[in-house]
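Peer 1: Pasting a predicted model and its sequence here:
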Amino acid sequence: MATTTTATEPRRITLSNGKSFTVTSNSSSNSESIPLIDVSRMYSEKLEDRQALAEEIRNASREIGFFTIVNHGVDMKLAKEAFEQAKLFFARPLEEKMQVCTDVMPEEFCGYHPMERYNWEGSKRKDLHEAFNWNYNAARDPDLPDTSIPEINLWPKGAIDFQEKLCTYQSALISLARKLTRIFALALHLPEDAFDDFVRQPEAGMRILRYPEQTASRDDQTGIGSHTDVECFTIVTQDSPGLEVLSKSGGWIKVQPVKDAFVVNIADCFMRQTNDFFVSTIHRVINENGKERYSVPFFWGFNRGTVLNPVVTCVSEENPNKYPVMTAGEYYAWRTKRQKMMGMSDRTA
Ligand SMILES: O=C(O)CCC(=O)C(=O)O
Ligand SMILES: [Fe+2]
């Protein structure tokens, strides 16, 4: 059993979703693991098969909010090409990357941010990663393309292959996410098409991340500090270990990458809409691999105009809705502002 132990004083961390929690230990271990789910039944013509898969996803989404999926149908050659482009992009001179710095669009989470820019946990040292983010572009939607909606993105000039390969991978994940959305509807004991209208022009942003090998102690620095994601669910492609998930008992579970698999995690909008039935679990990355680590998260959420009413099967007279109702766009804008502030202002977010 690989366990990384450190002696830590309990520490209170404020998250970008407004909640806070106390970390009692920085140790992480692989004595626990997240569920592994074969999602090939998603493509079955039999409703019973899709429902059986949905029940597995229901349990994982309630208990830990994280699971690994295999047999998802996405061509992993596209993932490989996205990783190759990420390596080429991050190897470029800083001045060139800064031409598409995220500050150019303060209201959006797109463009580049350099190493040690944010400090999501309020650690001694800032988060050891650099990233490039890009938004959904309706013109390239594989299922419902719409060229009348302008793209909001910050692409580096002349980087044709970069844009092309990243968008091609994003398109494949959009199709997968639409199918998973139907399974999630079944998982909530709703009709399969209950969310279809909410994912016509979804929030489907992506990012590439590079984490150099960390030499500072895990008490002093993280690759990306403890946080929860914003939208409905995230699909992560990773090339090596480093992702850690906070277990119910307060310890950190090391997520072991599985070949050709994705990690799926519930995010805050889904937790809010399901009135905490699904859990949006705190996670972070610490790269102690002895080499750099790359990952490609894909963030999937409902159309910005969708009113985030609670899911009917998750509220009752005895269990009233806990959250104020707002549109998905309002919630995303609030989070983007807070996330961009974090670490830039010594934990006032
Ligand atoms: O790098 C990873 O595996 C996860 C990154 C992450 O949690 C995020 O970007 O929200
Ligand atoms: Fe995350």
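Peer 2: That came through fine. Numbers count the residues shown, from 1 in each chain. Ligands and ions are numbered 1, 2, ... in the order given.

Peer 1: where does residue 54 land in three-state SS?
Peer 2: At residue 54, secondary structure determined by DSSP: H, G, I helix; E, B strand; the rest coil is helix.

Peer 1: which residues touch it?
Peer 2: 183-184, 186-187 (C-beta atoms under 8 Å, 6 or more residues apart in numbering). C-beta here means a position set from N, CA and C on the backbone, and glycine is covered the same way.

Peer 1: ditto for residue 230
Peer 2: 17, 267-269, 299, 301, 331-332, 335, 339.

Peer 1: And the residues you listed, which is closest to residue 201?
Peer 2: Of all the contacts of residue 230, residue 301 has the smallest distance to residue 201: 10.9 Å, by C-beta to C-beta.

Peer 1: Same list, the contacts of residue 54, but as CSV with pLDDT, distance to ligand 1 and secondary structure please.
Peer 2: CSV is the format used below for those (pLDDT from 0 to 100; distance: C-beta to the nearest ligand atom, whole Å; DSSP: H, G, I helix; E, B strand; the rest coil):
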residue, pLDDT, distance to ligand 1, secondary structure
183, 98, 22, helix
184, 98, 19, helix
186, 98, 26, helix
187, 98, 22, helix
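
Peer 1: ok, of these, which one's closest to residue 198?
Peer 2: Once C-beta to C-beta is applied, the member of the contacts of residue 54 that ends up nearest residue 198 is residue 184, at 11.0 Å.

Peer 1: Nearest residue to the residue of the stretch 201-349 of the chain found nearest ligand 1 in space, please, no chain neighbours.
Peer 2: With C-beta to the nearest ligand atom, the shortest gap between the stretch 201-349 of the chain and ligand 1 falls at residue 295, namely 3.3 Å. Nearest residue to residue 295, sequence neighbours excluded (C-beta to C-beta, 6 or more residues apart in numbering): residue 238, at 4.3 Å.

Peer 1: and the one you found, how many neighbours does it have?
Peer 2: By other C-beta atoms under 10 Å, 22 other residues sit near residue 238.

Peer 1: list the contacts for it?
Peer 2: 257, 263, 293-296.

Peer 1: so how far is residue 172 from it?
Peer 2: Look at residue 238 and residue 172: by C-beta to C-beta, to the nearest Å, they are 17 Å apart.

Peer 1: just to revisit the earlier point, and the contacts of residue 54, which of them are buried?
Peer 2: Neighbour counting with 16 or more other C-beta atoms under 10 Å marks 183-184, 186-187 as buried within the contacts of residue 54.

Peer 1: just the helices in the stretch 151-300 of the chain please.
Peer 2: Using DSSP state H, counting those that start in this stretch, the helices of the stretch 151-300 of the chain run over 160-187, 268-273.

Peer 1: Name whatever forms a beta bridge with the closest residue to residue 247 other than its chain neighbours.
Peer 2: Leaving aside its sequence neighbours, residue 247 sits nearest to residue 253 (C-beta to C-beta, 6+ apart; 5.2 Å). Beta-bridge pairing of residue 253 under DSSP bridges involves residue 29, residue 245.

Peer 1: What pLDDT is listed against residue 253?
Peer 2: On the pLDDT scale, residue 253 is placed at 95.

Peer 1: Contact partners for it?
Peer 2: 28-30, 32-34, 244-247.

Peer 1: ok, now how distant is it from residue 85?
Peer 2: Distance of residue 253 to residue 85, given as C-beta to C-beta: 30 Å.

Peer 1: Can you select the buried ones among the contacts of residue 253 for me in PyMOL?
Peer 2: Per 16+ other C-beta under 10 Å, the buried members of those correspond to this PyMOL selection:
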select buried, resi 28+29+34+244+245+246+247
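
Peer 1: For stretch 160-178, give the mean pLDDT please.
Peer 2: pLDDT averaged over stretch 160-178 gives 98.

Peer 1: oh, and call the first residue 17 from now on, that's how I've got it
Peer 2: All right, first residue 17 from here; so that's stretch 176-194.

Peer 1: what sits against the residue of the stretch 217-365 of the chain closest to ligand 1?
Peer 2: 224-225, 227, 252-255, 258-259, 301.
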